[in-house]
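[1] Structure for the following, please:
(one chain, ligands or ions: 1)
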Amino acid sequence: MLKMLINGQLCDGEGSFAVINPATGKGFAEAPECGPAQLEQAIEGANNAFTSWRQDIDARRNALKSMAEKIQANSDEIAALLTQEQGKPLKNAKQEVMGASLQIQFAASAQLPDEVLQDTDQAFIKLIRKPYGVVAAITPWNFPIAIAMGKVATALIAGNTVVLKPSPFTPLSTLKIAQVIQEALPPGVLNIITGSDPLGASLTAHPLIRKIDFTGSVGTGKRVAAAAAPDLKRYTLELGGNDPAIVLPDANPAKIAKAIFWGAFANSGQVCIAAKRLYVHASIKDQLTAELATLAESVKVGNGLEDGTLLGPINNQPQFDRVSGLVEDAIKSGARVAAGGEALGQGFCYKNTILTDLDDDARIVQEEQFGPVLPILSYTDIDDVIERANSTHFGLGSSIWTEDLQQAETLAGRIEAGTTWVNQHLALSPLAPFGGTKWSGIGYIGGKWGVEGATQLQVINIKRA
Ligand code: NAD
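    A predicted model of the protein is given here:
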């Protein structure tokens with residue numbers, strides 16, 4: 001069994017739990033169950049390591065570079081575990097691991113300069129950035145490695161130490177990383193623990209945790225915020241989305257269908273910023289629906305270890321039940337199935353599904369489906385569709401599809417979202433911040449905003465005269 005990393009030591013848990021391969025629906029490995037005393041050791045180890053880790057940014061840069069190299073060198077093994085526990089095709093798993101290694105290298109070169117605010121005869125005022133202390137990093141099951149390594153690298157370069165807890169649905173690839181990077185970092189700087197819930201709740205409630213960096217659902221995000229309140233712990237919450245994609249009447253369905261399809265179905269729709277509601281002008285709705293249905297039927301869904309598979313299964317039984325339930329509910333309420341609409345009959349695989357003729361109040365329009373299903377709605381009036389797009393609690397990503405880039409830029413500013421793309425969806429830039437409005441999150445990751453979020457400010461104000 002793979003081991004946890006606690007205070008520099010690889011160790012077993014106090015018990016174990018089963019990890020399911022979603023392509024088969026069957027258990028294929030066990031992961032360690034972290035006991036209360038081990039959780040304590042991990043947090044205390046991180047707290048003790050903080051004193052020296054925060055001192056020297058050059059040492060941190062070197063350690064992160066070494067960590068990135070070790071992950072790259074072991075990327076095949078990490079990716080194979082990722083595919084087996086998460087479901088995504090091996091090629092995508094490998095891309096995720098290599099991308100995570102690049103993220104760590106990128107973070108290793110981050111700058112945290114002091115800022116001089118005033119330098120006059122009267123006063124010298126400068127601003128310095130300081131780490132928080134021990135950061136709890138908690139990750140979901142859709143991109144276990146990319147999300148974990150983004151959090152870890154950002155927190156570490158800023159001088160924090162970390163206790164990382166992956167989702168119990170996808171613990172193994174993260175544990176494999178614990179094994180390969182053990183030597184790259186001083187003991188206690190990064191601890192990796194696994195276990196079934198309520199391990200996450202116990203971690204966030206611990207008084208030595210000074211910041212929580214959480215990615216997951218809105219419901220859990222709210223519980224994390226509540227758990228942080230008694231201690232006034234800081235937090236970054238990257239939560240769910242229900243991204244609208246709006247297609248204007250001048251768009252060419254044949255030209256944009258492929259990009260919209262992948263914007264909605266990449267990672268089998270299990271992407272926080274997937275296009276989850278498609279609003280198409282009535283004049284081109286039937287044509288675009290037909291194009292998308294053809295793509296949905298032709299893209300192969302199956303076991304991510306098999307050649308030719310382009311999309312894997314839904315990750316777990318509760319999520320499979322949720323997606324199936326939302327589709328059944330939509331069909332019962334009169335939705336038309338343009339493609340899919342049912343399970344594949346193999347593990348948690350679900351056919352790529354396109355639904356039309358729904359009302360805005362259908363659950364699959366109002367809620368986050370987080371699966372391989374896209375509801376298509378039509379509109380005739382642009383002001384009306386912007387209002388409909390904004391009428392949920394979510395505000396993560398969004399997109400506008402048109403040949404008129406000027407109009408798109410103006411409309412983009414009217415959408416309530418952390419990011420609005422034009423003629424693309426899902427494109428993340430290392431130069432830009434990433435975060436959500438409304439229930440989709442608090443705080444930002446990415447670029448200088450991410451590193452700033454891992455630090456707190458201190459003003460030093462010297463009276464000179
Ligand atoms: P989830 O909220 O069920 O679980 C996320 C993590 O929180 C897991 O590690 C889980 O074990 C842990 N957890 C559970 N209860 C907890 C508690 N009380 N306190 C602390 N931690 C606890 O989410 P999920 O199903 O794993 O992930 C899917 C969700 O994540 C979707 O809503 C998706 O949109 C969202 N997501 C958001 C982003 C983003 O960047 N905004 C990225 C990826 C996924």
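
[2] For the stretch 151-300 of the chain, list the residues in contact with the ligand, please.
    For the stretch 151-300 of the chain, the residues in contact with the ligand (CB under 6 Å from any ligand atom) are 165, 167-168, 197, 200-201, 204, 215-217, 220, 223-224, 238-241, 272. Quick note: C-beta positions are derived from backbone N, CA and C, even for glycine.

[3] Contacts for the host helix or strand of Val19, please.
    Assessed by DSSP states H and E, Val19 sits inside strand 15-21. The contact list for strand 15-21 (CB atoms under 8 Å, 6 or more residues apart in numbering) reads 1, 26-33, 35, 84-85, 87, 168-172, 195-196, 316-317, 347.

[4] Which entries within the residues you listed meet the buried criterion?
    29-33, 84-85, 87, 168-172, 195, 316, 347 (16 or more other CB atoms under 10 Å).

[5] Out of those residues, name the ones that lie in strands.
    Within the buried ones among the contacts of strand 15-21, residues falling in strands by DSSP state E are Ala29, Glu30, Ala31, Pro32, Glu33.

[6] The third one touches Leu2, doesn't it?
    Okay, so that is Ala31. Yes: using CB atoms under 8 Å, Ala31 is in contact with Leu2, at 6.8 Å.

[7] helices and strands around the lowest-mean-pLDDT helix or strand in the chain, which ones?
    Least confident helix or strand, the chain: helix 447-453 with a mean of 90, by mean pLDDT, DSSP states H and E. Packing partners of helix 447-453 (3 or more CB pairs under 8 Å, 6 or more residues apart in numbering; DSSP states H and E): helix 144-157.

[8] who's in contact with the residue sitting nearest the centre point of the chain?
    Centroid-nearest residue in the chain, with CA atoms, centre = their mean: Ile147, separated by 5.3 Å. Residues in contact with Ile147 (CB under 8 Å, 6+ apart) are Thr139, Pro140, Thr215, Glu238.

[9] Count the residues that sit near the third one.
    Right, Thr215. The number of residues packed near Thr215 is 25, by other CB atoms under 10 Å.

[10] My guess is it contacts Pro140. True?
    Yes: the pair Thr215 / Pro140 is scored as a contact, 5.5 Å apart, by CB under 8 Å.

[11] hang on, the earlier thing: the least confident helix or strand of the chain vs the ligand: in contact?
    No: judged by CB under 6 Å from any ligand atom, helix 447-453 stays clear of the ligand, getting no closer than 11.5 Å.

[12] Which SSE is immediately downstream of that helix?
    Counting by DSSP H and E, what follows helix 447-453 is strand 455-463.

[13] just the angle between that following strand and helix 144-157, please?
    On the basis of axes from the mean of the first three to the mean of the last three CA atoms, to 10 degrees, strand 455-463 is oriented at 20 degrees to helix 144-157.

[14] Would you pull up how far strand 455-463 lies from the middle of the chain?
    Computed by CA atoms, centre = their mean, to the nearest Å, the separation of strand 455-463 from the middle of its chain amounts to 33 Å.

[15] So for that strand, what gets flagged as buried?
    Quick answer for strand 455-463 (16+ other CB under 10 Å): Thr455, Gln456.

[16] Restricting the selection to alpha carbons, write it to CSV.
    The C-alpha trace of strand 455-463 is given here as CSV (Å, rounded to 0.1, in the frame of the first residue of the first chain):
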residue,chain,number,x,y,z
THR,A,455,0.9,35.8,2.1
GLN,A,456,-0.2,38.5,4.6
LEU,A,457,0.9,42.1,4.5
GLN,A,458,2.9,44.0,7.1
VAL,A,459,3.5,47.7,7.0
ILE,A,460,6.7,49.1,8.4
ASN,A,461,6.4,52.8,9.0
ILE,A,462,9.5,54.7,10.2
LYS,A,463,9.2,58.3,11.4
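
[17] partner strands of it, parallel or antiparallel?
    Under the criterion DSSP bridges, strand 455-463 sits next to strand 123-131 (antiparallel) in its sheet.

[18] So what touches the strand it pairs with?
    For strand 123-131, the external contacting residues (CB under 8 Å, 6+ apart) are 50, 54, 112, 114-119, 155, 158-160, 452, 454-464.

[19] quick one: buried residues of it?
    Ile125, Arg129, Pro131.

[20] quick check: angle from whichever helix or strand comes after it to helix 144-157?
    Past strand 123-131, further along toward the C-terminus, the next helix or strand under DSSP H and E is strand 134-138. Our comparison of strand 134-138 with helix 144-157, counting by the same axes, to 10 degrees, yields an angle of 170 degrees.

[21] Find out how far strand 134-138 is from the centre of the chain, if you would.
    In this view, strand 134-138 has its centroid 15 Å away from the chain centroid, taken as CA atoms, centre = their mean.

[22] pLDDT of that strand, averaged?
    Averaging pLDDT along strand 134-138 gives 98.

[23] Same check on stretch 360-372?
    In this model, stretch 360-372 has a mean pLDDT of 97.

[24] before we move on, what about stretch 168-187?
    98.

[25] Mind listing what's buried along that stretch?
    168-182, 184-185, 187.

[26] With stretch 236-249 instead?
    Quick answer for stretch 236-249 (16+ other CB under 10 Å): 236-248.

[27] Same question for stretch 214-223.
    Phe214, Thr215, Gly216, Val218, Thr220, Gly221, Arg223.

[28] Out of these, list just those in strands.
    Judged by DSSP E, the subset of those located in strands is Phe214, Thr215.

[29] got TSV for the buried residues of stretch 214-223, with pLDDT too?
    TSV is the format used below for those (pLDDT from 0 to 100):
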residue	pLDDT
Phe214	98
Thr215	98
Gly216	98
Val218	98
Thr220	98
Gly221	98
Arg223	98
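
[30] Tell me which two of the buried residues of stretch 214-223 sit farthest apart.
    Thr215 and Arg223 (13.8 Å; CB to CB).

[31] what residues are up against Thr120?
    Arg464.

[32] Sweet, I'm off.
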